[in-house]
Each structure stands twice: as structure tokens, then as C-alpha cells.
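Engineer: Compute the structure for the input listed below.
(one chain, ligands or ions: 1)
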Amino acid sequence: MTTDAPTGWIRQDILATSAYPVEKVPGGTLRLDAMESPFDLPEAFHRRLGEEMAGISLNRYPDGSASELKEILGKSLLGLSPDHLFLGNGSDEILQTLFLATTGPLLLAEPTFSMYRILAEMTGRTVVTATLSEDLDLDVEALLAAARKHHPSLIVLSSPNNPTGRDVSEETVDRICREFSGGVLVDEAYFPFSGWTALSLQRAHPRLMVLRTLSKMGLAALRLGILAADPKIVAELDKVRLPYNLNLLTQRAAILVCREFLPDLESQVRSIIHLREDLLRSLSAIPGVCPLPSSANFLLIRIGGKDPSVVARALADRGILIRDVSRHHPLLAGCLRVTIGTATENERFAATLALILKGTP
Ligand code: PMP
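Structural biologist: Model prediction:
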């Protein structure tokens, strides 16, 4: 049976767009495209997780307010009480909730994480933008000028920024909060690899929200995002949140991680930081490749003389998936983004890239 496109009743703007590309890749592909950790948790965690899962009641709804999880996340990761936390099925869901709950234009500093724009459009928000500086740093003057011009309700910053890997500075966030009267969100998805956080500014600026995720530190499969915000903001977002947005399996697994396995995650993060610096060095040695310094678990690399989409395709043909971002924004012309893998994976990537750029079949 064939069906017609559902025109006439599905929103026109939805019909006109396409879904966020999540590629299904053949087994054995080296995935360096999604900023996952290359390390799984130790076997001891999987064993303990199995024991935990054996004891849960699947016939009952989970704790809708995830109170035990908030308590332990607040204590072990953020130094905040549970009333400052809002949790989501990944930080993407928190962004969606925040965009649904706010009104007026949304100000982005582009190029940045593409989901901001996608979610903003899905939730019927107008997007206004400021452009990063030529060297891909946040241009605070341009951002504040755009804020004065467009009167957004919310400014969304990514620090470190995806895909540039650059941190925003404390002085910059402080200045934005002083000169702009709406909500300010700092998305710190890559915080573990950077170490800089805007959290300490929250006391002075209660409109400042900090977004974190467990996805980049080895737990992408759990889908757990964390917003640290003033309890009054959390209370409003709770009205928009679906009642049981965090399933029980995620809640129990994350509690177990916080109780017993945080040192494992932290040591994996330290390894990834070392691997990032090693990869930066080996890529810098390849003629025509210029990797930018990064505070995240990925590198933005500029390729001279070859079309990045051709290079990305050649890598994919050899079983290595990275992200071609060269057409995402004019400032990213010539750029590819690669996630940090294990030492062996990084060596394979660098060696294959060098061969492709040399024109060796
Ligand atoms: N923020 C940024 C800046 C990201 O790059 C990503 C994932 N690529 C997310 C949020 C979403 O992460 P999550 O898995 O928590 O939904």
C-alpha cells in the first residue's frame, strides 16, 4: 500500500524540513563523528548494573521527579541541592523544554551546535544570530549588539563550542549577564574535557543556566541531561516537562555511576584529554592539515587544497566516519570535525587522512 504525503494536516514547516541526520552505519565502522567516548565502562559496572536491573519493578512508573538521582547528581557532580536541577532525556530534551517554555527570539552565536536551530524552529521560535569572530571565538560585541537589536528572550552559548572546541571566558559570560536582561544558557556538554564552568557565576546572575550531559563522558546510551538553574526557573520548566521523562533504567544506572564509578569516568576523561593532544600533534605534522586547539573531545581541522566533503567520503569508503562541517557555515569552509578515539583509532584516522591527502589510493 502506498500513502500520499500527509499534507494538509501536518505543519507546513515540518513537511519542508528533514530529520536530524543520525546515520545507520555498517558494523565495523570507526565512528569518530558523534563525540562519543571511545571507552565503555569497566566490566564491574556492567555486572553491578545487571544486579540493579534484576531488582527493579517494571510494572510501575518511575519516580517522576527523579529525586534520588537529583540528590546524588547535585552532590557528586555539581555541588548543588536537588531543587536547582532539572533533568532530561539527554540535554536535547532540556533544550526543547526550555525553548517551549520561553517566548520571543532566541539568540545564537553561529557557527554552533546545529540542534539549537532545529529545536528552535520545531518549537516555533524565531532564531536571530551573531557571528563568531574570524578566528572562531565568541565576538561579545557582536553578540550584545544583536541582543540590543533583536531583544531575544534567551541567549544560548556552547562552551566549549561545538564544532570549534573553544571555551567562552568567565569575563564574557559575566558581561553578557550584566548587559542582557533575559535568560542566558551556557551549554557545557564538553565541560569534562575543558574544566571551565560558568556555574560559579550563577549566584550573582540567577538568570544564568548551565547545561550538562553524561553523554560525552562515556554514557551516551543512558540519555541523561542536567540543567543547573535557579529553583524558580526549574519550577516553571517542570510544568512543561512530560511526567515520566526519565525512565527507571536510566535513573538506576546513573545513580550507580555516581555512587561507585565516578573515578572510572574521570580517569577516562583524563585519557581522552591526553589522546586529544597527541592527535593534535600528529595531525599538525600532515601537510595541508591544520587542527585547531580544542577544549573538548573533538578537533576541528582545516584541510588545505582538497574539498572536505571529498575527503570525508574517502574516509567513509575506508570505514572511518567523521563529520564534514564545511557547508554548515561560511566560517567553517574547509573544515572537518573529528571525535577523539583510542590511540589505535586516532593513529588509523591520521594515517588514512595523510594517505588520502597525498592522493594515494
Ligand atoms: N549540546 C551540545 C553542544 C552537543 O554537541 C550535544 C551533542 N552532540 C548535545 C548538547 C546533546 O547531548 P545529549 O546527548 O545530552 O542530548
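Engineer: which residues sit in contact with the residue lying closest to residue 200 once chain neighbours are set aside?
Structural biologist: Leaving aside its chain neighbours, residue 200 sits nearest to residue 170 (7.9 Å; criterion: Cβ to Cβ, 6 or more residues apart in numbering). Any C-beta I mention is one placed from the backbone N, CA and C, and that applies to glycine too. Taking Cβ atoms under 8 Å, 6 or more residues apart in numbering, we find residue 170 in contact with 196, 198, 200, 201.
Engineer: which one of those is nearest residue 114?
Structural biologist: Checking the contacts of residue 170 against residue 114 with Cβ to Cβ, the nearest one is residue 198 at 21.9 Å.
Engineer: My understanding was that that closest one contacts residue 188; is that so?
Structural biologist: Yes. The pair residue 198 / residue 188 is scored as a contact, 7.1 Å apart, by Cβ atoms under 8 Å.
Engineer: intersection of neighbour lists for those two?
Structural biologist: Residues touching both residue 198 and residue 188 (Cβ under 8 Å, 6+ apart): 159, 210.
Engineer: near the ligand, which residues of the stretch 201-350 of the chain show up?
Structural biologist: For the stretch 201-350 of the chain, the residues in contact with the ligand (Cβ under 6 Å from any ligand atom) are 213, 215, 220, 225.
Engineer: among those, which are in strands?
Structural biologist: 213, 225 (DSSP state E).
Engineer: now, which of the residues of the stretch 201-350 of the chain next to the ligand sits nearest residue 242?
Structural biologist: Nearest to residue 242 among these, counting by Cβ to Cβ, is residue 225 at 13.9 Å.
Engineer: Report pLDDT for the closest one.
Structural biologist: What the model reports as pLDDT for residue 225 is 98.
Engineer: Need the nearest residue in space to it, chain neighbours excluded.
Structural biologist: Sequence neighbours aside, residue 91 is the residue nearest to residue 225 in space, at 3.2 Å (criterion: Cβ to Cβ, 6+ apart).
Engineer: same question, residue 288
Structural biologist: residue 304 (4.3 Å).
Engineer: Can you give me the neighbour number for the residue found closest to residue 67 once you drop the neighbours it is linked to in the chain?
Structural biologist: Excluding its sequence neighbours, the residue lying closest to residue 67 (Cβ to Cβ, 6+ apart) is residue 82, at 6.4 Å. For residue 82, the tally of surrounding residues (other Cβ atoms under 10 Å) stands at 19.
Engineer: same check, this time on residue 254
Structural biologist: 23.
Engineer: For stretch 48-58, list every residue counted as buried.
Structural biologist: 48, 49 (16 or more other Cβ atoms under 10 Å).
Engineer: which is the next helix or strand following the lengthiest helix in the chain?
Structural biologist: With secondary structure taken from DSSP state H, the chain has its longest helix at helix 262-284. Scanning forward in sequence from helix 262-284 by DSSP states H and E, the next helix or strand is strand 289-291.
Engineer: Using CSV, write out the CA atom coordinates for the helix or strand just after that following strand.
Structural biologist: Once the chain leaves strand 289-291, the next helix or strand it forms, by DSSP H and E, is strand 298-303. Once non-C-alpha atoms are left out, strand 298-303 reads as follows in CSV (Å, rounded to 0.1, in the frame of the first residue of the first chain):
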residue,chain,number,x,y,z
PHE,A,298,36.9,16.6,19.3
LEU,A,299,39.1,18.6,16.9
LEU,A,300,38.1,20.9,14.2
ILE,A,301,40.6,20.5,11.3
ARG,A,302,41.1,22.7,8.3
ILE,A,303,42.1,21.0,5.1
